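S.K.: next input, structure requested:
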Amino acid sequence: GVSLAAAKEQGQLVFLEGLKCCLELLFGEQEQPGPPSPLQFLSGSSPDLRALFGFVRQSLAPAEGHSWKGPVLLLDDLSVLLSLGAAPVAVLDFMHYCRVSVCCQLKGNVVVLLHSNEDSEDEENELVVNSLCHHSDL
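M.R.: Okay, here's the model as predicted:
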């Protein structure tokens with residue numbers, strides 16, 4: 001019953017198109033003016049996820065005359081960051097800063113999807129899964 005398109009038009013929803021951002025970063029012909037790409041770690045210029053966190057923090061800043069009441073940060077499949085080459089420590093640092101910003105400072109919530117398989121031999125993914133399980137309410 002929630003119209004995401006209407007929420008986006010009203011400024012209540014900010015969506016990062018990860019695939020489009022990756023393609024522009026990897027196959028773009030020239031450097032775009034303005035803020036760095038949220039996924040700049042793909043280019044090897046910075047091994048951490050500071051630019052992605054900067055995007056999150058900027059997106060959570062309310063517009064003039066508006067205020068967020070209980071913002072929610074939805075991260076659909078955090079394991080994609082690992083698949084793209086981000087280090088598990090960088091992903092866990094990113095999650096820590098997101099939790100501090102959203103939960104503690106803005107009194108909101110963080111919802112994360114992370115794929116895990118008991119038979120998986122992906123040690124990096126399991127490290128992130130186990131760590132986030134220890135910090136999760138549900």
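
S.K.: okay, CA-based contacts and neighbour counts for the rest of this
M.R.: Noted.

S.K.: just checking, L82 touches L127?
M.R.: No - judged on CA atoms under 8 Å, L82 makes no contact with L127 at a distance of 11.0 Å.

S.K.: name the residues contacting each of these two.
M.R.: Both L82 and L127 are contacted by P88, under the criterion CA atoms under 8 Å, 6 or more residues apart in numbering.

S.K.: the residue nearest to D76 when sequence neighbours are not counted: what's it in contact with?
M.R.: Residue nearest to D76 in three dimensions, not counting chain neighbours: L113, with 5.1 Å by CA to CA, 6 or more residues apart in numbering. Applying CA under 8 Å, 6+ apart, we find L113 in contact with L75, D76, D77, L78.

S.K.: of the residues you listed, grab the buried ones for ChimeraX.
M.R.: The buried residues among the contacts of L113 can be selected in ChimeraX (16 or more other CA atoms under 10 Å) with this line:
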select :78
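
S.K.: of the contacts of L113, closest to L39?
M.R.: L78 (13.0 Å; CA to CA).

S.K.: what helix or strand is the most far-flung residue of the chain relative to its centre located in?
M.R.: The C-alpha centroid of the chain is most remote from D119, which lies 26.3 Å away (CA atoms, centre = their mean). Applying DSSP states H and E as the criterion places D119 outside every helix and strand.

S.K.: in the protein, which ranges drop under the pLDDT threshold?
M.R.: Residues of the chain meeting the criterion pLDDT under 70: 29-34, 45, 63-68.
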